[in-house]
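Visitor: please work out how this folds:
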Amino acid sequence: MSGNAGVKGRRVLLLVPPITYRATDFVLAANRLELDIVIGSDGALPLGGNPVVHVDPADPDASGDRLLKSVGPVDAVVAVDADMLPLAARLGAALGLAHNAPDAVAAAADKASQRRLWASTGVSQPGFHVIAADADVSQLLGAARSLGFPCIAKPVSLSASRGVLRVDDEAGLGAAAAEIRAILAASGRKDGEPILLEEYVPGRELSIDGLLSDGALAVTAIFDKPDAPDGPTFEETLLVTPSRLPGPTLAAATRLAERAAQALGLRHGPIHAELRIDERAGEARPVMLELAARSIGGLCSRSLRFPDGMSLEMTILLNALGAPVDAAPPPGAAGVLMLPVERAGVLQGVEGQAEAKAVGGITGLSITIPSGQAVQPLPWGDRYLGFIFAEGSDAAEVETALRAARAKLRVAIA
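Guide: I've put the predicted structure just below:
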């Protein structure tokens, strides 16, 4: 990777939502690249002394006019988190910059649209039915029976496994639908959102992160999920890279992720794809679960380091500026363990942090929810307690270190 050659002093607009894990890492990345950054937000506090211009995601035209008048032209627009992706697409179009079409960003954020577009283009995915909000019990049962039990029920608009439930039989179907409706209401979603029923696909799970340049995908990381859950909820916990899956399987998964992004109309910037390897027919067949027009969430990107000490956020900024990006990972392995909320209550504290940090191979531990805050597990909650990071000579060593560090922690929830 060539560092900041050719991009020093170029101006980048970072769109930052009021609440996000990612802002600090993007600002640090921009500073390392010596970029001139402007922050657009509808509530974020000033970051690193950089100017903050008010933007309204619901009014991109006025936001674009305000930005041009206050800061002048920019060379790239980067959404720091998913909430700002629609605005980034609209501003990119208005400013004549490389951008994803607003319709493509909207499709990536809607699981029903994803499924329909993938079905129309032959992308391998689970069988599914989109269930309208006013569907009666017989329609719901008919859809589930056609898929078979167990199946998966999920809202079409939420992320991070929120509201995703495994349904094992007809008796649990109505309860799952009612719970999803309640979660949507608590999230402030509009009445009338459909529910997605999907075929349950057993098998090993992986995620693929990469950068699109005119539709071509350059992979930045492939994570195995050794503890991929099979229900009733779907917490992500352990992620380890590089993947230990066979090379041909990974190549097929990467091709599928690229096709899936193209089918949604995505052409530029980061993607985060979730897949399972279906071996029920006697062969390893990658199947798309979901794809987002963003990089890996939370603080998970801190587990990745590229040549010359580049971070994932630095590669995203270089990609947005049209600079060449060498995303080849360094030797060795790395991983992250996300700490799920195991029960509802008030977080009293996390003990054993010093012991966890002392485990060989552990490179960092960050507890991201302060003591005294109310917490909720999935399918209602949308936050993790924190993140443990590790590096090692191979994936097995990293996995062992992360499990050992987790065993040292004692979470107290009242």
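
Visitor: can I get stretch 20-28 in CSV? Just the C-alpha atoms.
Guide: Taking Å, rounded to 0.1, in the frame of the first residue of the first chain, the C-alpha atoms of stretch 20-28 are listed here in CSV:
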residue,chain,number,x,y,z
THR,A,20,-21.7,5.1,16.2
TYR,A,21,-18.6,3.0,17.1
ARG,A,22,-16.8,4.1,14.0
ALA,A,23,-16.2,7.8,14.0
THR,A,24,-12.9,7.9,16.0
ASP,A,25,-11.3,5.2,13.8
PHE,A,26,-12.3,7.1,10.6
VAL,A,27,-10.9,10.4,11.9
LEU,A,28,-7.7,8.8,13.0
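
Visitor: so which bits of that stretch are buried?
Guide: Across stretch 20-28, burial judged by 16 or more other CB atoms under 10 Å covers Thr20, Tyr21, Arg22, Ala23, Asp25, Phe26, Val27. For the C-beta atoms, the positions are set from N, CA and C on the backbone; glycine is no exception.

Visitor: likewise stretch 388-400?
Guide: Buried, per 16+ other CB under 10 Å, within stretch 388-400: Ile388, Phe389, Ala390, Glu391, Gly392, Ala395, Glu397, Val398, Glu399.

Visitor: nearest to Pro330 among those residues?
Guide: Glu391 (9.4 Å; CB to CB).

Visitor: hey, what's the closest one bridged with?
Guide: Under DSSP bridges, the beta-bridge partners of Glu391 are Ala334.

Visitor: from Ala106, how far out is it?
Guide: To Ala106, Glu391 is 38 Å away according to CB to CB, to the nearest Å.

Visitor: circling back: how about the buried residues of stretch 388-400, which pair is most distant?
Guide: Maximum pairwise distance among the buried residues of stretch 388-400 (CB to CB): 15.5 Å, between Ile388 and Ala395.

Visitor: name the residue most distant from the centre of the protein?
Guide: Ser138 (34.4 Å; CA atoms, centre = their mean).

Visitor: next, that residue: secondary structure please.
Guide: Recorded secondary structure, Ser138: helix (DSSP: H, G, I helix; E, B strand; the rest coil).

Visitor: for it, report the pLDDT, please.
Guide: pLDDT recorded at Ser138 is 89.

Visitor: do the same with the one 5 residues further on
Guide: pLDDT for Ala143: 96.

Visitor: distance of it relative to Arg22?
Guide: 37 Å.

Visitor: then Thr368?
Guide: The gap separating Thr368 from Arg22 is 12 Å, by CB to CB.

Visitor: what about Gly360, how many neighbours?
Guide: 11 (other CB atoms under 10 Å).

Visitor: and the end-to-end length of stretch 390-400?
Guide: From its first residue to its last, stretch 390-400 covers 10 Å (CA to CA, to the nearest Å).

Visitor: now do it: distance to the chain's middle.
Guide: Centroid displacement of stretch 390-400 relative to its chain, using CA atoms, centre = their mean, to the nearest Å, is 23 Å.

Visitor: pick the one among the buried residues of stretch 388-400 closest to Phe149.
Guide: For the buried residues of stretch 388-400, the minimum distance to Phe149 (CB to CB) is 31.9 Å, reached by Glu399.

Visitor: now this structure, which segments are flagged as low pLDDT?
Guide: Residue ranges of the chain with pLDDT under 70: 1-5.

Visitor: give the contact list for the residue nearest to Asp36 when sequence neighbours are not counted.
Guide: Computed as CB to CB, 6 or more residues apart in numbering, the closest residue to Asp36 that is not its neighbour in sequence is Arg11, at 4.4 Å. Contacts for Arg11 (CB atoms under 8 Å, 6 or more residues apart in numbering) come out as Leu35, Asp36, Ile37, Val38, Val71, Gly72, Pro73, Val74, Asp75.
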